[in-house]
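Enquirer: Have a look; sequence and predicted model below, questions after that.
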Amino acid sequence: STQLVWLRHDLRVMDNPALYDASQHGPVTAVVTLTPKQWQQHDRAPVQVDLLLRHLKTLQQALGDSGISLKVCQVDDFAAVPEALLALARQLKITHLRFNDQYEWDERIRDDAVETAFQAAGYSVHRYLDQTLFAPGQLLTGQGDYYTVFTPFYKRWLSRLLEVDLTPLPAPNHQSGPVEHDPLPTQLPGWESPIASTLWPAGCEHALARLDHFVDEHLINYDTQRDLPAVEGTSTLSPYLALGAVSIRQCLQAVMAHTQGQVPTGKDGPGRWVAELVWREFYRHIMAGFPRVCRYRAFKTETERLSWREDPEGLSRWQAGQTGFPLVDAAMRQLVQTGWMHNRLRMLTAMFLSKHLLIDWRLGEQFFMQHLVDGDLAANNGGWQWAASTGTDAAPYFRLFNPYRQSERFDLQGEFIRKFIPELHSLSNKSIHQPPTSQCDQLNYPHPCVDLKEARDRVMHAFDAIKVEK
Ligand code: FAD
């Protein structure tokens, strides 16, 4: 038999279920599909596409070392994928198509269409679980429903861990066929990234080195350092997890090497980090169980009646890091300048837009996707809906992070603010969180775009209104 492995968000040679299984069965060719028009519709960020293209180069090399060619199908969008893959399959005379599952709505439609087309043409199709330890639908409540709250999901996840083989799969068997790669584009027109590629080095080796560095140096202090944006306290693995350059099993194995072979469950550094990986799984299950969240719908459907404000100026000040709230602005500038934002600040800026400015969370979700190197529909949508109190585990609607208090708590010395807002460099550690209005003009820094008390009353009123209507 001859095998075609379709690589998607699982762009690695090691611990790749579809690739490994294919390599047990016969000569293997791998393929990636590039769909720029679809990416545009999905608001994919140029910085992420840039990382993807550079990563594919390294992957091609690694596949070649295993005797596997990487073919490239470039088409406009997902609708064109089945025909393009079928044409390749015919040309290569393959018998089996194998790929690892994805759970986003459009991706599932695409994958089902590919499967149907291949089966109709007489090929055998095999799909694998890869992105999460448990497939969506495998962890359900006693009533047979998807979990809609994180903590019980997490407990069930932990209680069923023994059923899962956490050992990463080895490299695929070496293939003997001649290696005939397709050329890979280094750039796609319109997708040039303004962010220096050195910021996000490509390749699985780099991703694994980042993982090792994190578990060796920072895992132990993750619980105390993870909320401090000026500190290197988190793994920054998210861009690599999003591409599949590193797998969930590889992450857990690296942790377990430090915890006597156990998956840590406590509230200490290792336990907290594993819990974050479970949040990643949780939002994937939510996306599969409640596909409306992929389609611009609120998880809590009653919140669709909220009267969001039309405020193009507020939106553009938020996007540009010019709200007049230093930590919010520093965070937004970090996003635009680096393609990444610290988790504490994602929560703060998302709440600021959706609560303090009462602007529709979907506009923020979109802006994040357009700029994040780790843009991931499940995590991004989950995070936004959490912040806006429209989602699972939603922060109660009356909970608003005070941007000044958050700043004093998590950026005490103003170190992070100074890094991204040079205008405020000269302010003292005390006044940098809330620059005196008398100095704003002189510093060329904007006055606050909203009064916090009025903003709070406004959002309370908006949520109260939909409660009454219920
Ligand atoms: P670490 O703290 O080292 O965590 C390890 C990994 O766990 C992360 O790489 C990520 O894969 C996963 N993870 C951590 N926190 C979460 C979480 N809250 N939800 C889901 N997975 C999590 N994460 C993305 O990967 N892509 C996104 O597009 C994204 N958008 C977000 C938008 C908002 C409004 C919010 C509040 C959060 C968002 N997150 C997103 C989750 C989280 O902020 C990032 O995963 C994290 O900041 C990445 O940094 P890290 O790799 O250093 O994380």
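Expert: Arrived safely, thanks for sending.

Enquirer: how about the residues of the stretch 101-250 of the chain near the ligand?
Expert: Contact residues (Cβ under 6 Å from any ligand atom) of the stretch 101-250 of the chain with the ligand: R226, T234, S235, T236, L237, S238, L241, A242. C-betas here are computed from N, CA, C, even on glycine.

Enquirer: Minimum distance to the ligand, which residue of the stretch 351-470 of the chain gives it?
Expert: G383 (2.3 Å; Cβ to the nearest ligand atom).

Enquirer: which secondary structure elements does the helix or strand that residue falls within contact?
Expert: For G383, the host element (DSSP states H and E) is helix 377-387. Under the contact criterion of 3 or more Cβ pairs under 8 Å, 6 or more residues apart in numbering; DSSP states H and E, helix 377-387 touches helix 269-289, helix 343-351, helix 361-371.

Enquirer: and the longest one with the ligand, contact?
Expert: Yes. Against the ligand, helix 269-289 shows contacts by Cβ under 6 Å from any ligand atom at E276, L277, W279, R280, Y283.

Enquirer: Can you flag the buried ones in the residues you listed?
Expert: Buried by 16 or more other Cβ atoms under 10 Å: L277, W279, R280, Y283, out of the residues of helix 269-289 next to the ligand.

Enquirer: What is the burial count for the closest residue to the third one other than its chain neighbours?
Expert: Okay, so that is R280. Nearest residue to R280, sequence neighbours excluded (Cβ to Cβ, 6 or more residues apart in numbering): A379, at 6.1 Å. Counted with other Cβ atoms under 10 Å, the neighbours of A379 add up to 22.

Enquirer: quick one: A379 and Q370, what's the gap?
Expert: Applying Cβ to Cβ, to the nearest Å, the value for A379 to Q370 is 15 Å.

Enquirer: repeat for E304
Expert: Per Cβ to Cβ, E304 is found 23 Å from Q370.

Enquirer: what about these two, which has more around it?
Expert: Neighbour count, other Cβ under 10 Å: between E304 and Q370, Q370 has more, with 19 against 12.

Enquirer: is it true that that one touches D43?
Expert: Yes. Here Q370 reaches D43: they are 4.9 Å apart, a contact under Cβ atoms under 8 Å.

Enquirer: picking that back up, give me the contact list for the helix holding G383.
Expert: Defining contact as Cβ atoms under 8 Å, 6 or more residues apart in numbering, one finds that helix 377-387 is touched by 42, 103-104, 238, 279-280, 282-284, 286-287, 293-294, 298-300, 346-347, 350-351, 354-355, 361-362, 364-365, 368-369, 372, 391-395.

Enquirer: Over to stretch 295-302 now: how far is its first residue from its last?
Expert: Length of stretch 295-302, first residue to last, Cα to Cα, to the nearest Å: 16 Å.

Enquirer: What lies in contact with that stretch?
Expert: Residues from elsewhere that reach stretch 295-302, judged by Cβ under 8 Å, 6+ apart: 105, 148, 286, 290, 292-293, 304, 362, 385, 389-392, 394, 466, 470.

Enquirer: before we move on, the earlier item: quick one: the residue nearest to R280 and Y147, what's the gap?
Expert: With distances taken as Cβ to Cβ, A379 is found 16 Å from Y147.

Enquirer: Next: L211.
Expert: L211 sits 27 Å away from Y147, going by Cβ to Cβ.

Enquirer: Spatially central residue for this structure, please.
Expert: D376 (3.1 Å; Cα atoms, centre = their mean).

Enquirer: list the contacts for that residue?
Expert: D376 touches S238, L241, A242, counting by Cβ under 8 Å, 6+ apart.

Enquirer: just the residues you listed now: which is nearest the ligand?
Expert: For the contacts of D376, the nearest to the ligand is S238 (3.4 Å; Cβ to the nearest ligand atom).

Enquirer: got a pLDDT number for that closest one?
Expert: For S238, the pLDDT comes out at 98.

Enquirer: How many residues are close by it?
Expert: 19.

Enquirer: If we go by neighbour counts, what in the lowest-mean-pLDDT helix or strand in the chain is buried?
Expert: Using mean pLDDT, DSSP states H and E, the weakest-scoring helix or strand in the chain turns out to be helix 452-469, at a mean of 91. For helix 452-469, the neighbour count (16+ other Cβ under 10 Å) marks A455, R456, R458, V459, A462, F463, I466 as buried.

Enquirer: likewise stretch 94-105?
Expert: Of the residues in stretch 94-105, I94, H96, L97, R98, F99, N100, D101, Q102, Y103, E104 count as buried by neighbour count, 16+ other Cβ under 10 Å.

Enquirer: And the protein, what are its domain boundaries?
Expert: Annotated domains of the chain cover 3-130, 131-165+204-289, 301-469 [automatic domain parsing].

Enquirer: Check the model's average confidence along the host helix or strand of H213 for me.
Expert: Element membership for H213, per DSSP H and E: helix 204-217. What helix 204-217 shows for mean pLDDT is 98.

Enquirer: which residues touch that helix?
Expert: Under the criterion Cβ under 8 Å, 6+ apart, residues 11-14, 58-59, 62, 234-237, 240, 245-246, 250-251, 254-255, 257-258 lie in contact with helix 204-217.

Enquirer: Out of the residues you listed, which end up buried?
Expert: 11-14, 58-59, 62, 234-237, 240, 245-246, 250-251, 254-255.

Enquirer: Would you mind listing the outside residues contacting stretch 5-13?
Expert: Stretch 5-13 has contacts (Cβ under 8 Å, 6+ apart) with 16, 18-19, 22, 28-33, 52, 55-56, 59, 62-63, 66, 68, 70, 85, 97-100, 102, 107, 114, 130-131, 171-172, 204, 207, 242-247.
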